[in-house]
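In: The sequence isn't on hand, but the structure is:
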């Protein structure tokens with residue numbers, strides 16, 4: 001099995017600048033990302049090392065409509081927005097996307113072809129990656145999607161820091177620790193994702209390296225909350241929202 005890590009979480013929004021303003025108000029860095037040519041979307045980003053939050057919005061309705069048949073995230077955006085500005089999926093990062101694709105297809109998943117993605121960052125640099133998505137769901141919970149960046153983790157982190165994209169937050173030391181999923185059957189989801197992705201099982205979910213995916217019993221069947229570890233004791237327990245997505249400091 002290839003090595004999979006939690007790369008990022010997707011929060012669908014109508015106005016990425018509003019998400020940036022909310023995060024800035026919580027003393028968290030967030031910045032404009034760029035357009036996704038051919039997919040009809042654009043984003044803003046908030047980095048916590050190599051794991052980050054993507055605030056994904058519709059940039060061009062016509063382009064989005066033409067992309068929906070072939071690209072799942074464009075379909076997600078069309079389905080959710082503008083009414084439901086929701087946390088929705090997580091992305092997993094692989095070190096060998098061809099092998100990961102073959103392995104998941106062999107386990108019976110409906111995987112898309114691997115496609116190339118790119119966007120231009122605000123400085124004009126071309127950011128590239130390869131990506132595939134997993135259609136359908138498990139007991140109503142959408143699957144993660146899988147990507148591989150055009151550089152290894154060490155080179156990418158060095159670039160993000162050199163560009164000032166991953167930098168200390170005004171709130172102090174902050175890490176993105178957990179993704180909380182409300183699901184109908186937490187034990188079944190935990191066992192299924194363990195079998196598919198190889199993450200170690202915990203009583204409440206899965207260990208994704210030093211981070212966690214936590215499954216709670218509910219009928220929502222989606223990602224509902226992201227949890228930050230913070231060093232500032234005054235922030236611990238504080239919650240805030242971006243659209244319908246909930247964020248918590250612990």
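Out: Noted; the coordinates are in hand. Just so it is clear, the structure is predicted and the values come from calculations on it, not from any experiment.
In: wait, residue 219 sits on residue 141?
Out: No - under the criterion of Cβ atoms under 8 Å, residue 219 makes no contact with residue 141, lying 11.3 Å away. No exception for glycine: its C-beta is placed from N, CA and C like everyone else's.
In: Compare those two (neighbour count), which wins?
Out: residue 141 (22 against 8; other Cβ atoms under 10 Å).
In: How about residues contacting the lowest-mean-pLDDT helix or strand in the chain?
Out: Sorting the helices and strands of the chain by mean pLDDT, DSSP states H and E puts strand 115-120 at the bottom, at a mean of 83. With contact meaning Cβ atoms under 8 Å, 6 or more residues apart in numbering, strand 115-120 is reached by 33-37, 39, 42-43, 71, 126-132, 147.
In: can you rerun that using 6 Å?
Out: Here strand 115-120 makes contact (Cβ atoms under 6 Å, 6 or more residues apart in numbering) with 34, 35, 36, 126, 127, 128, 129, 130, 131.
In: For it, buried residues please.
Out: 117, 119 (16 or more other Cβ atoms under 10 Å).
In: The helix or strand following that strand pairs with which strands?
Out: Sequence order places strand 126-132 as the next helix or strand after strand 115-120, per DSSP states H and E. Here strand 126-132 has these sheet partners by DSSP bridges: strand 115-120 (antiparallel), strand 145-149 (antiparallel).
In: could I get those strands as TSV with distance to residue 47?
Out: As requested, the strands paired with strand 126-132 are exported to TSV (distance: least, Cβ to Cβ, whole Å):
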stretch	distance to residue 47
strand 115-120	15
strand 145-149	13
